[in-house]
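Peer 1: need a 3D model of the following:
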Amino acid sequence: MLTRNLRPLPCLLASLIASGLPSGPAFAQPFAAVLAGCARLGDPAQRLACYDRLAAQSATPVAATPVAAAAPAAAEPQAPAAPPAPAVSSAATDGPATAPGFSLADHWELDAAHRRGVFNFRPHQPNYLMITRAAHPNDEPYRPFRRVTDLATGLAHSELVFQMGFKMKLVEQAFDQPLDLWFGYTQDSFWQAGNHAASSPFRETNYQPELMAVVPLNFSVLGANVRFLNLGLVHQSNGQSSTLSRSWNRVYGQVGVEAGHWTIVGRVWRRVNESRSDDDNPDIVDYMGRGDLAVTYRRNGSDYAALLRHNFSTGRGAVQLSWSWPLKGHLKGYAQAFSGYGQSLIDYDYYQNVVGLGLQGTF
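Peer 2: Have a look, this model is predicted:
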């Protein structure tokens, strides 16, 4: 390094004094100014050259004004100072409000800058825990399994509801093509935690594993950037038997679009039909529709989202509105309102209005 070649300052001063440069107050002040000019040079090569010029003065006779010859070194153009490193705020780790903004490229690892390899857990659907209040709980499916003396109590209007899940990349750049294969899992549970008369049961749990083949896209339509195409196969069931059993399988195509603070993800699906004897809910498409549309507006760490489903043949569907806002670290506040069919599989054909408030976790 150049800095290793710099002579120690005491040696340089001794050399200059030994060469006959005048000393005392009359000389010390201008010489100190020249020396300070060298020290201020940011580039090591220029600083070394400046010191060498001063040292060279020691090899020539001293003129009446010895410092004048070295004066140009003080006027040596200074290298621009390196910009100060930006201050790192402690708030940078406090949560989504200061974290980099959401992007579909990061969420789906669509380019080299965002790829994280295979078998890493990543977020998929929102993970939350909330207390809900339903307008009219659906008691009907459970009547055959309850004692006559218990029928008067019914289901509680309030529940603890949580959704959790993840996705994991199984294959990256399959067949040396821009195609990634993902596995995803989402679980929704509805817990009658306050219904002590019924022993606080889990009223319903829905399990949803899926396989997804994701292809990155990058073109604009009407000012929006189309970012990916997803072809998926998804199974959803509640793990029950007899008249409580609900399940269905679908293949779907999904497209993701970004525009400013907006993210729009649309999906259409086709149900994989089962034999009539094995089908627990043959009319589920009449209520759950043939696709959904998720629209999210993100700003300052808050997410305002709407999920829409509709079957234009039957006029049935659902609307879910949600809002999440930063609290601390990876924790956000979460509020949700649902109206329509299919908040849970057991209620796929039951119209329900539900509001909830709780917490959302991000990772």
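
Peer 1: how much space between Ala113 and Met168?
Peer 2: Using C-beta to C-beta, to the nearest Å, one gets 20 Å for the distance from Ala113 to Met168. Backbone N, C-alpha and C define where each C-beta goes, glycine included.

Peer 1: who's more crowded, these two?
Peer 2: Met168 (14 against 8; other C-beta atoms under 10 Å).

Peer 1: buried stuff in the one helix or strand the more buried one maps to?
Peer 2: Per DSSP states H and E: Met168 is located in strand 158-171. Neighbour-count burial for strand 158-171 flags 158-167, 169 (criterion: 16 or more other C-beta atoms under 10 Å).

Peer 1: find the nearest non-adjacent residue to Asp188, please.
Peer 2: For Asp188, ignoring the flanking residues on the chain, the nearest one in space by C-beta to C-beta, 6 or more residues apart in numbering is Asn206 at 4.5 Å.

Peer 1: let me see the contact set for the one you found.
Peer 2: Asn206 sits next to 187-189, 236-238, 344-345 when contact means C-beta atoms under 8 Å, 6 or more residues apart in numbering.

Peer 1: can you classify it by secondary structure?
Peer 2: Of the three states, Asn206 takes strand under DSSP: H, G, I helix; E, B strand; the rest coil.

Peer 1: return the distance of the host helix or strand of Pro216 from the chain's centre.
Peer 2: Assigned by DSSP H and E, Pro216 falls within strand 202-221. The chain centroid and the centroid of strand 202-221 are separated by 16 Å, computed with C-alpha atoms, centre = their mean, to the nearest Å.

Peer 1: I'd say Asn127 and Gln163 touch.
Peer 2: Yes: with contact defined as C-beta atoms under 8 Å, Asn127 reaches Gln163; the gap is 6.3 Å.

Peer 1: break this structure into its domains for me.
Peer 2: 2-74, 101-361 (automatic domain parsing).

Peer 1: would you turn those into JSON lines with mean pLDDT?
Peer 2: As requested, the domains of the chain are arranged in JSON lines below (pLDDT from 0 to 100):
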{"stretch": "domain 2-74", "mean pLDDT": "55"}
{"stretch": "domain 101-361", "mean pLDDT": "94"}
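
Peer 1: among those domains, show me which one is buried the most.
Peer 2: domain 101-361 (a mean of 16; mean count of other C-beta atoms under 10 Å).

Peer 1: quick one: contacts of the strand holding Met168?
Peer 2: With C-beta under 8 Å, 6+ apart, strand 158-171 has contacts from 109, 116-134, 180-194, 203, 208, 212, 356, 358.

Peer 1: what about Ser247, distance to Arg290?
Peer 2: 18 Å.

Peer 1: and Asp188, by the same measure?
Peer 2: With distances taken as C-beta to C-beta, Asp188 is found 21 Å from Arg290.

Peer 1: may I ask which helix or strand encompasses Leu110?
Peer 2: Using DSSP H and E, Leu110 sits in no helix or strand.

Peer 1: now do the SS call for the nearest residue to Val215 once chain neighbours are set aside.
Peer 2: Closest residue to Val215 apart from its sequence neighbours, by C-beta to C-beta, 6+ apart: Leu229 at 4.7 Å. Assigned with three-state DSSP, Leu229 falls in the strand class.

Peer 1: show me the contacts for Leu229.
Peer 2: By C-beta under 8 Å, 6+ apart, the neighbours of Leu229 are 214-215, 217, 253-255.

Peer 1: from those, pick the one nearest Gln336.
Peer 2: Among the contacts of Leu229, Gln254 lies closest to Gln336 (C-beta to C-beta), at 21.9 Å.

Peer 1: so what's the closest one up against?
Peer 2: Gln254 sits next to 229-232, 265-267 when contact means C-beta under 8 Å, 6+ apart.
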